[in-house]
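Participant: quick one, structure for this:
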Amino acid sequence: MGNKIVSIIIPVYNSEKAIRRCLDSILAQTMTDYECLLIDDGSTDSSGRICDEYAAKDERFRVFHKENGGVSSARNVGLDNAKGEWITFVDSDDSVEGSFLESLYNFGSGSLKICNFTGDGHKDYSEDCSKVETSSVITRLLNDNLVWAPWGKLFASTIINEHNLRFDIKLRLGEDTVFCWEYLSYCPDVTVLASNLYNYSGVWGGGAKYALTLEEQKYKLSRFLVTLHNICPATPIKTNVWIDYAKGILMQFARCEFKDQKEIMGIIAKEYNPEVDADLRGGILWKMVFYLIRARCYRIASVLMKYL
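Facilitator: The predicted structure is shown next:
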């Protein structure tokens, strides 16, 4: 099978109740020049057999069976084997509208093409952007939940391959956001289509059900803050996202031992930007905590954190 215009990567794990609806929505695409890579991540139900069934009927479907390694490793197998000019991700319990591929591919000429979605986390907006600089719309992208997950997008395979972008298998939570933000840091322009072409079946922020270890929290914090810092020049919304995320982490560690708090505050201090000071909200106590962190006065900041 030769190169296709779009590679659809679908990680699959124990999705027997929803996978047929997902794959039928792929078969219903008005644009037919695609390949669909199904990555069975060690499913223990009939998901793998269902994937094989679709592959036997349509040569555009390819199945990769692997030991369970998590969604990041499954998506990476897809990236390693994708042949399309563009790459999109679909979760196995979601579905897409029939015009999903055709509408995104034909609209605009950005290096990242994004559509709106239905389901939890959806925000209404009506303005299409056929091609705009990434830095000029980063406010909208972050504020409208458009760059926190990899689905509902077309990524240029040239950018992914040139910079060897892959999902971080060390992250059990937030790996999709880091991937999108890393891509944005190399993406000069974007296309945003207001149409709801992706049907999200999950719960926005549902990853909170995963209990991360202390070391995982530290690593996630470091990846998030560094990647967010690299997306584009400072903007108020980017700064607010940075602040809110840092606040949430500090709240989680407010009752931890000082040595762990110190490591967390050290990560925050390293990525601290001056524009944060102007945008701090939430009262004098938060301002004092961030000032002390910036000044590397971690012991005093630790005392104040107990009153947050």
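Participant: what is the longest strand along the chain packed up against?
Facilitator: For the chain, the longest strand by residue count, based on DSSP state E, is strand 189-199. Under the contact criterion of 3 or more C-beta pairs under 8 Å, 6 or more residues apart in numbering; DSSP states H and E, strand 189-199 touches strand 95-96, helix 100-106, strand 112-118, strand 129-133, helix 134-143. Every residue, glycine included, has its C-beta placed from N, CA and C.
Participant: how about residues contacting the first one?
Facilitator: If I follow you right, that is strand 95-96. With C-beta atoms under 8 Å, 6 or more residues apart in numbering as the test, strand 95-96 has contacts from Arg21, Cys22, Asp24, Ser25, Ile26, Gln29, Val90, Leu197, Tyr198, Asn199, Ser201.
Participant: just so I know, which of the helices and strands packed on strand 189-199 lies nearest Ile267?
Facilitator: Closest approach to Ile267 among these (C-beta to C-beta): helix 134-143, 20.6 Å.
Participant: and that closest one, what does it pack onto?
Facilitator: Applying 3+ C-beta pairs under 8 Å, 6+ apart, one finds that helix 134-143 contacts helix 175-186, strand 189-199, helix 236-252.
Participant: and that helix, C-alpha only, in PDB?
Facilitator: Coordinates of the C-alpha atoms in helix 134-143 are reproduced here as PDB (Å, rounded to 0.1, in the frame of the first residue of the first chain):
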ATOM      1  CA  THR A 134       0.400  30.400  16.000                       C
ATOM      2  CA  SER A 135       1.400  33.100  18.400                       C
ATOM      3  CA  SER A 136      -1.600  35.300  17.400                       C
ATOM      4  CA  VAL A 137      -4.200  32.600  18.300                       C
ATOM      5  CA  ILE A 138      -2.500  30.900  21.200                       C
ATOM      6  CA  THR A 139      -4.900  32.600  23.600                       C
ATOM      7  CA  ARG A 140      -7.900  31.000  21.800                       C
ATOM      8  CA  LEU A 141      -6.200  27.600  21.500                       C
ATOM      9  CA  LEU A 142      -5.500  27.400  25.200                       C
ATOM     10  CA  ASN A 143      -8.600  29.000  26.400                       C
END
